[in-house]
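Novice: give the three-dimensional model of this entry:
(chains A and B)
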Amino acid sequence: MTTLMPPVGGLLINPIKNGTVIDHITSGEALNVLKIIGITGTTTESVSVATNVSSGKIGRKDIVKIENRELRKEEMDRIALIAPRVSINIIRDYKVYAKGGVERPKFLLGVVRCPNPGCITNAHEPVSSRFEVLPNGLHCMYCDWLITNDITGHMI
Amino acid sequence: MKHIISIRDLDRQFIDELINHANHIASQHFNANSLSDKILALLFFEPSTRTRMSFEAAMARLGGTSISVGSIEASSMAKGETLADTIRVVSGYADAIVLRHPKEGAARLASEFASVPVINAGDGAGQHPSQTLLDLYTIQQSLPLDGIDVGMIGDLRYGRTAHSLAYALSLYRSRIHVISPKGLELPSALIGELRERGTEVVEHEHVEDIIKELDVLYVTRIQRERFPDSASYFDVSSSYKITTELLEGVRSHLIVLHPLPRVDEIEPEVDDLPYARYFEQSRNGVPVRMAMLQEVLK
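Specialist: Residues are numbered from 1 along each chain as shown, chains lettered A, B, ... in the order given. Model (predicted):
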């Protein structure tokens, strides 16, 4: 009988051949990151998630690895809203093809639905929502509503 | 093209110049035909008495013409037309549009689709910049706008005039004292923003605690529909009522303002006291709106 030994300083999840590794996600936000990039129980990508992993940089962090998918700029902008310190590694043939942080966008067009039921952007008008990204939240540029929490829950 | 959508878009220089302009107009220094070749469209999708009539009066005093949609039921909105389309169409009929609409942000949207200037005359619980400008104008008739103590009493949560005035006063070095029933306080996000802008905001439980130290008392209506039953409404509204007794011993230059209509938050006997300025405030809507129309149509 073979005894399985715990890994010593090794990786919790295996390297991927092609795809994206999202590292240094704010601890507890990994599932929201998956939601933002549209990964649900019915999508076909192979996804590995590690949560509350020790990190010298941010204490505890989450990591998401997605095989055979490279993130688009607008997906990275959305992730930056909830996890501004992430690093995104694009992997091709087991090598890091591109690596970089994300930047919080100054404005969001059509990304977040205004939670104010009285806001004109929730009426049947030919406009997209428009938010200004402030240090303390997202400011609706039509009705002045300020979203301070559950940003993922308001994403379109 | 100049739109007037939100007090947040206006800087102190613009407001001061507009108030000066309104002062000139009020002392009869204006050309009564300056807008004689202009047409103003009044698009009021909500009831209004003072705002609508004073814009019409302002346009008439400058020699201009006003057109309007009549009743909402008879308008294209009732047929399901978007505001964006209505604005594009009306832009072809008039030189400027004054809009009142039940949705917040409607005027901002209108300004994006209009090919003529848009003035916001109130959008839901949002902005009503012409009211704020006439509030500031009325204060400066008696007092400097800098360094004064302004008390705001009533429904400060839903009252859009209080929000806009508080924001505008943060452009000056005034202190704001807020007195409101539980649940109807000035929104904490706005208080935080005012404090970040360097404005002192002091919350008081009872108006009696602060009334003798105020230069301006801005009274707003407490709406009955905000309360679960009539009894709790009457309990609260009676403790926020401005009476002649309450005003005994106040600063001699105190002015009491109210955007009107009032229900019973100021007792009628107060009207005869020198502090009462709310009817003058309402009249001031005409010179201030004349200045606004000249500003956007120049």
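
Novice: for the rest of this, base every contact and every neighbour count on C-alpha atoms.
Specialist: OK.

Novice: okay, now the domains of the chain?
Specialist: Assuming you mean chain A. Listed by automatic domain parsing, the domain ranges of chain A are A:19-101, A:107-154.

Novice: the chain in question should be chain B.
Specialist: As recorded under automatic domain parsing, the domains making up chain B are B:7-127+B:284-297, B:130-282.

Novice: anything in the first one near chain A?
Specialist: Yes: using CA under 8 Å from any CA of the partner chain, domain B:7-127+B:284-297 reaches chain A at B:82-84, B:102-106, B:108-109, B:124, B:126.

Novice: including distance to residue A:122 and secondary structure, could those residues go into TSV?
Specialist: Listed next are the residues of domain B:7-127+B:284-297 next to chain A as TSV, based on distance: CA to CA, whole Å; DSSP: H, G, I helix; E, B strand; the rest coil:
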residue	distance to residue A:122	secondary structure
B:82	12	coil
B:83	13	helix
B:84	14	helix
B:102	12	coil
B:103	9	coil
B:104	10	strand
B:105	10	coil
B:106	11	helix
B:108	14	helix
B:109	12	helix
B:124	13	coil
B:126	15	coil
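
Novice: pick the one among those closest to residue A:25.
Specialist: For these, the minimum distance to residue A:25 (CA to CA) is 34.7 Å, reached by residue B:105.

Novice: any idea which helix or strand carries residue B:164?
Specialist: Counting by DSSP states H and E, the element that carries residue B:164 is helix B:160-169.

Novice: contacts for that helix next, please.
Specialist: B:7-8, B:125-129, B:131-132, B:135-136, B:145, B:152, B:156, B:176, B:186, B:190, B:194, B:218, B:220, B:259 (CA atoms under 8 Å, 6 or more residues apart in numbering or on different chains).

Novice: mean confidence for it?
Specialist: Average pLDDT, helix B:160-169: 93.

Novice: quick check, residue B:132 in a helix?
Specialist: Yes: using DSSP: H, G, I helix; E, B strand; the rest coil, the secondary structure at residue B:132 is a helix.

Novice: to what extent is residue A:132 buried, counted in neighbours?
Specialist: By the criterion of other CA atoms under 10 Å in any protein chain shown, residue A:132 has 17 neighbours.

Novice: typed the wrong thing, it's residue A:68
Specialist: 16.

Novice: what's near enough to touch the nearest residue to it once chain neighbours are set aside?
Specialist: Nearest in space to residue A:68, with sequence neighbours left out and distances taken as CA to CA, 6 or more residues apart in numbering or on different chains, is residue A:19 at 4.3 Å. If you count contacts by CA under 8 Å, 6+ apart, residue A:19 has them with A:65-70, A:90-92.

Novice: tell me the one of these nearest chain B?
Specialist: residue A:70 (35.9 Å; CA to the nearest CA).

Novice: poorly predicted segments of chain A, please.
Specialist: Applying pLDDT under 70 to chain A flags the ranges A:1-12, A:57.

Novice: got the residues of it near chain B?
Specialist: So far as CA under 8 Å from any CA goes, chain A lies against chain B at A:118-121, A:124-127, A:141-144, A:146.

Novice: with distance to residue B:95 and neighbour count added, can I get those residues in CSV?
Specialist: Listed next are the residues of chain A next to chain B as CSV, based on distance: CA to CA, whole Å; neighbours: other CA atoms under 10 Å in any protein chain shown:
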residue, distance to residue B:95, neighbour count
A:118, 29, 19
A:119, 27, 25
A:120, 24, 26
A:121, 26, 27
A:124, 26, 12
A:125, 23, 15
A:126, 23, 11
A:127, 24, 15
A:141, 26, 19
A:142, 24, 21
A:143, 26, 26
A:144, 28, 19
A:146, 34, 21
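
Novice: let me know the secondary structure of residue A:125.
Specialist: Applying three-state DSSP: residue A:125 is coil.

Novice: ok, it touching residue B:80?
Specialist: No: Residue A:125 is beyond contact range of residue B:80, at 10.7 Å (criterion: CA atoms under 8 Å).

Novice: quick one: residues contacting the closest residue to chain A within the stretch 51-200 of chain B.
Specialist: Residue nearest to chain A within the stretch 51-200 of chain B: residue B:105 (4.2 Å; CA to the nearest CA). Contacts for residue B:105 were tallied using CA under 8 Å, 6+ apart; they are A:119-121, A:141-144, B:123, B:126.

Novice: for the chain, what spans make up the helices?
Specialist: This is for chain A. A:30-36, A:73-82 (DSSP state H).

Novice: actually chain B
Specialist: B:12-26, B:50-61, B:83-91, B:106-113, B:129-142, B:160-169, B:188-196, B:230-239, B:278-283, B:285-297.

Novice: lowest-confidence stretch among those helices?
Specialist: Confidence, taken as mean pLDDT, is least for helix B:230-239 of those (a mean of 80).

Novice: thinking again about what came up before, now the contacts of helix B:160-169: which count as buried?
Specialist: Neighbour-count burial (16 or more other CA atoms under 10 Å in any protein chain shown) applied to the contacts of helix B:160-169 gives B:7, B:125-129, B:131-132, B:135-136, B:145, B:152, B:156, B:176, B:186, B:194, B:218, B:220, B:259.

Novice: show me which residues of the stretch 151-298 of chain B are close to chain A?
Specialist: Proximity of the stretch 151-298 of chain B to chain A (CA under 8 Å from any CA) is limited to residues residue B:189.

Novice: please repeat the previous calculation with a cut-off of 7 Å.
Specialist: By CA under 7 Å from any CA of the partner chain, no part of the stretch 151-298 of chain B sits against chain A.

Novice: measure residue B:199 to residue A:139 for me?
Specialist: Distance of residue B:199 to residue A:139, computed by CA to CA, to the nearest Å: 21 Å.

Novice: try residue A:106
Specialist: 11 Å.

Novice: who's more crowded, those two?
Specialist: Applying other CA under 10 Å to residue A:106 and residue A:139 shows that residue A:139 carries more neighbours, namely 20 against 11.

Novice: residues touching that one, list them.
Specialist: Going by CA atoms under 7 Å, 6 or more residues apart in numbering or on different chains, residue A:139 touches A:131-133, A:145-147.
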